[in-house]
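# turn this into a model:
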Amino acid sequence: MSYQPPYRITTKITHFLTNIAEILGEIKYIDSKLNTPKLRKINKIKTITGTLQIEGNSFSEQKVSAVLEGKRVLSTPKELAEVQGAIAVYEQFPHYDCYNIDHLLKAHQLMMGQILTRAGHFRTQSVGVYGKEGVTHIAPPANMVSGLMAELFDWLQQSAEHPLISSSIFHYEFEFIHPFIDGNGRMGRLWQTLILNNWKPLFQTIPVESVIRDYQQDYYHALQQSGNDGESTVFIEFMLQVILESIQQVTESI
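The predicted structure is shown next:
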């Protein structure tokens with residue numbers, strides 16, 4: 001591989017991997033309870049609501065459910081478009097190939113098509129990520145994005161790392177590159193779940209994005225700390241903790 005993302009395997013990462021493996025070993029005996037239409041719908045709503053609320057969308061699970069059912073809701077056009085875009089993407093979730101960069105672009109087109117004029121295309125201008133204290137990250141120049149994304153997908157395709165780790169690395173590297181003018185957070189979270197689902201299909205019913213929302217400031221801090229460190233280790237640790245809690249919440253609810 002021409003590109004190798006920097007990260008370390010820590011004791012904390014090994015601990016989370018062990019705990020997740022133990023729970024997943026138990027889940028396979030109750031998988032039929034997780035894969036019911038009712039539970040899939042509930043967790044889809046949680047996922048969509050969570051990933052949009054992280055980006056400032058005010059829709060509750062009840063309002064997202066109403067849109068999903070074709071009901072009219074009071075909202076701004078932008079917020080409604082965000083919800084409709086997210087619903088469209090997650091409904092197509094089983095048809096995406098996590099190793100296919102064209103599928104990423106198609107998913108972004110669905111997610112952001114009502115909001116951006118260049119949805120489904122990599123950005124052509126410089127972008128920065130802003131926090132409470134100003135700019136927290138300057139993304140790579142636009143003319144590097146296509147090449148960096150090709151390298152990242154090539155690494156993902158060839159990586160022998162555990163999917164729990166490789167999906168977290170991909171998520172961090174994706175946010176670092178910031179390939180789109182908008183929608184990067186939503187797409188990074190979507191694609192990590194897609195990578196996990198490619199490994200274990202039950203991840204389609206586990207609302208990881210909802211738990212990230214519950215730890216939103218920790219999520220941003222982990223991204224920023226990994227950026228400061230020049231490696232994704234801290235972000236991997238954070239995401240494994242979130243994944244573990246997501247699985248625990250679902251198993252406790254059935």
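# now do the closest residue to residue 214 other than its chain neighbours against residue 63, distance only.
The shortest distance from residue 214 to any non-neighbouring residue, by Cβ to Cβ, 6 or more residues apart in numbering, is to residue 50 (7.9 Å). The C-beta positions use only the backbone N, C-alpha and C, and glycine is treated the same way. Per Cβ to Cβ, to the nearest Å, residue 50 is found 14 Å from residue 63.
# same question for residue 159.
Using Cβ to Cβ, residue 159 is found at 39 Å from residue 63.
# and residue 10, by the same measure?
With Cβ to Cβ as the criterion, residue 10 and residue 63 are 40 Å apart.
# who has more neighbours out of these two?
With neighbours defined as other Cβ atoms under 10 Å, residue 10 and residue 63 compare such that residue 63 has more, 20 against 13.
# counting neighbours, what do you get for residue 79?
16.
# same question but for residue 211, I mixed them up
Residue 211: 22 neighbours (other Cβ under 10 Å).
# so which helix or strand takes in it?
Assigned by DSSP states H and E, residue 211 belongs to helix 208-214.
# swap in residue 137?
strand 134-138.
# helix or strand next in line after that strand, which one?
Following strand 134-138 in sequence order, the next helix or strand is helix 142-158 (DSSP H and E).
# list the helices and strands that following helix packs on?
helix 101-112, helix 163-177 (3 or more Cβ pairs under 8 Å, 6 or more residues apart in numbering; DSSP states H and E).
# which outside residues touch the shortest one?
Yep, that's helix 101-112 we're talking about. 85-86, 88-89, 92, 96-97, 119-122, 149-150, 153, 180, 182-183, 186-187, 190-191 (Cβ atoms under 8 Å, 6 or more residues apart in numbering).
# could you flag which of those residues are buried?
Neighbour counting over these (16 or more other Cβ atoms under 10 Å) leaves 85-86, 89, 96, 119-120, 122, 149, 153, 180, 182-183, 186-187, 190-191 as the buried ones.
# and which of those residues is nearest to residue 215?
residue 186 (16.8 Å; Cβ to Cβ).
# you'd agree that closest one is up against residue 50?
No: contact criterion Cβ atoms under 8 Å: residue 186 and residue 50 do not qualify, at 10.4 Å.
# picking that back up, now the helix holding residue 211: how far from the chain's centre is it?
Centroid separation for helix 208-214 versus its chain: 10 Å, with Cα atoms, centre = their mean, to the nearest Å.
# what about it, average pLDDT?
For helix 208-214, mean pLDDT rounds to 96.
# would you mark the buried spots in it?
Using 16+ other Cβ under 10 Å as the test for burial, helix 208-214 gives 208-213.
# ok, residues contacting that helix?
Contacts for helix 208-214 (Cβ under 8 Å, 6+ apart): 46-51, 53-54, 189, 192-193, 196, 219, 242-243, 245-246, 249.
# same thing but 10 Å
43, 45-55, 61, 86, 90, 167, 171, 185-186, 189-190, 192-193, 196, 207, 218-219, 238-239, 241-250 (Cβ atoms under 10 Å, 6 or more residues apart in numbering).
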